[in-house]
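Student: build the 3D model from these lines:
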Amino acid sequence: MFLKRITLLREDVPSFTAFPFTIPAIKNLEDITVNKSVTFFVGENGSGKSTLLEAIADKCEFNTAGGSRNNLYETHASESALGEYIRLSWMPKTTNGFFLRAESFYHFATHIDEVDTTGFQAYGGRSLHEQSHGESFLSLFLNRFNGKAIYLLDEPEAALSPQRQLTFLRIIHDLASTGNAQFIIATHSPILLGYPGADIFSFDQDRMERVEYETTDHYLITKSFLQNRERMLEDLFKEDS
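Tutor: Below is the predicted model:
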């Protein structure tokens, strides 16, 4: 465990009427304590989970377009608007890690093509562009993720089939169980959220709250759909009377 607490420096915020402080969960943030080696952020699109994850990456001095401290490249709108207004408390502090942004992974892969001189040893021996989207993600997780580090992942399930999400859960387990790796993951996946013993913070009730897996919409809606698929689809497609 490395990152222990995330605090919003409210006295430094110039205005709570400008983005990202118009997002209720960000506006109402005081601080959150991180107790587990695996922590999930969940919520609807626009609820602030990716915004906070990006700000954490910014404070870690990771490239907010995706990558580590050593990956120097830029993409459009990759600068964090929240990073300078949060404080991270560490015990102990680590400078190693990686920030994965599913939406800008293509640009990261292009950057690696331009700078890699090792034959892509950290990515399975092949250019990430020469692998399928899912293969490239797993190559990153299997080969680049190691040692004492913090991993910040924004929707890693975007490229992973359900079976590969299970493979990824095993990768998380193998790394986190050593005590040398910490994960903070923003996700919509009910499979990933099922990781045993993880903390889940919901951003959906205008503030960040720690919730149980079985109370998340991701679990409840998926369970209801699988158990009542025909009824749910019938109600969904029913014409207004």
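Student: list the buried residues in the lowest-mean-pLDDT helix or strand in the chain.
Tutor: Least confident element among the helices and strands of the chain, by mean pLDDT, DSSP states H and E: helix 105-115 (a mean of 78). Buried residues in helix 105-115, counted by 16 or more other CB atoms under 10 Å: 105, 107-109, 111-112. From N, CA and C alone the C-beta is placed, and that goes for glycine too.
Student: helices or strands next to the helix ranked longest in the chain in the packing?
Tutor: In the chain, taking DSSP state H as the definition, the longest helix is helix 162-176. Helices and strands touching helix 162-176, by 3 or more CB pairs under 8 Å, 6 or more residues apart in numbering; DSSP states H and E, are helix 133-139, strand 181-186.
Student: let's see that with 10 Å instead.
Tutor: strand 38-42, helix 133-139, strand 149-154, strand 181-186 (3 or more CB pairs under 10 Å, 6 or more residues apart in numbering; DSSP states H and E).
Student: could the ones you listed go into TSV alongside mean neighbour count?
Tutor: Listed next are these as TSV, based on neighbours: other CB atoms under 10 Å:
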stretch	mean neighbour count
strand 38-42	24
helix 133-139	19
strand 149-154	23
strand 181-186	26
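Student: among these, show the one with the smallest mean pLDDT.
Tutor: Least confident of the helices and strands packed on helix 162-176, judged by mean pLDDT, is helix 133-139 with a mean of 83.
Student: need the CA coordinates for it. CSV is fine.
Tutor: The C-alpha coordinates for helix 133-139 follow below in CSV (Å, rounded to 0.1, in the frame of the first residue of the first chain):
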residue,chain,number,x,y,z
HIS,A,133,-6.7,-4.2,-28.8
GLY,A,134,-7.3,-6.8,-26.1
GLU,A,135,-3.9,-8.5,-26.7
SER,A,136,-2.1,-5.1,-26.4
PHE,A,137,-3.8,-4.4,-23.1
LEU,A,138,-2.9,-7.8,-21.7
SER,A,139,0.7,-7.5,-23.0
